[in-house]
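1. Here is my input, please return the structure:
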Amino acid sequence: QLQLVESGGGLAQPGGSLRLSCVASGFSLDGYTVGWFRQAPGKEREGVTSISGDGVGRSFSHSAEGRFTISRDNAKNAVYLEMNSLKAEDTAVYYCAAYRAIGAVSLIDHSYQYWGQGTQVTVSS
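-> Numbers count the residues shown, from 1 in each chain. Okay, here's the model as predicted:
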């Protein structure tokens, strides 16, 4: 069974940091573009960041640029989202997603084939 499982969500204070992990099972992430998306209550899902299969290409949303970092470890079949300088508006369910591609990045959700179940991130004092 092909699965993506996110972890690392939780409660953080404004200005704090969290590190989310996305681990694949049932398939290798090598050669897959992986993206992180989020959905806040009452809002549409939005793309946050994406990394190409070879780890060279990256893209960030305007809100994530300069604060969030995406990385991958293909040996561990994992992709990570490091979130710094967190704001209340970062509160959302965060999802990782993957699709097979070479050298591509995308913040468009319908590009993606596989999705995780999501992990809640709450930023509050």
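
2. For the helix or strand hosting Tyr95, what is the distance to the chain centroid?
-> Using DSSP states H and E, Tyr95 sits in strand 92-100. The chain centroid and the centroid of strand 92-100 are separated by 5 Å under Cα atoms, centre = their mean, to the nearest Å.

3. So for that strand, what gets flagged as buried?
-> Of all the residues in strand 92-100, those buried under the rule 16 or more other Cβ atoms under 10 Å are Ala92, Val93, Tyr94, Tyr95, Cys96, Ala97, Ala98, Tyr99. Where C-beta positions appear, they are placed from N, C-alpha and C, glycine not excepted.

4. Over to stretch 105-125?
-> 105-107, 109, 111-112, 114-116, 118-119, 121, 123.

5. burial measure for Leu20, as a count.
-> Using other Cβ atoms under 10 Å, Leu20 is surrounded by 24 other residues.

6. which SS state does it fall under?
-> Local secondary structure at Leu20 is given as strand here, using DSSP: H, G, I helix; E, B strand; the rest coil.

7. which residues does it contact?
-> Residues near Leu20 by Cβ atoms under 8 Å, 6 or more residues apart in numbering: Glu6, Ser7, Gly8, Gly9, Trp36, Tyr80, Leu81, Met83, Tyr94, Cys96, Thr119, Val121.

8. swap the cut-off to 10 Å and go again
-> Counting by Cβ atoms under 10 Å, 6 or more residues apart in numbering, Leu20 touches 6-10, 36, 48, 68, 70, 79-83, 94-96, 116, 119, 121.

9. center of this protein, which residue is that?
-> Nearest residue to the geometric centre of the chain (Cα atoms, centre = their mean): Trp36, 2.3 Å.
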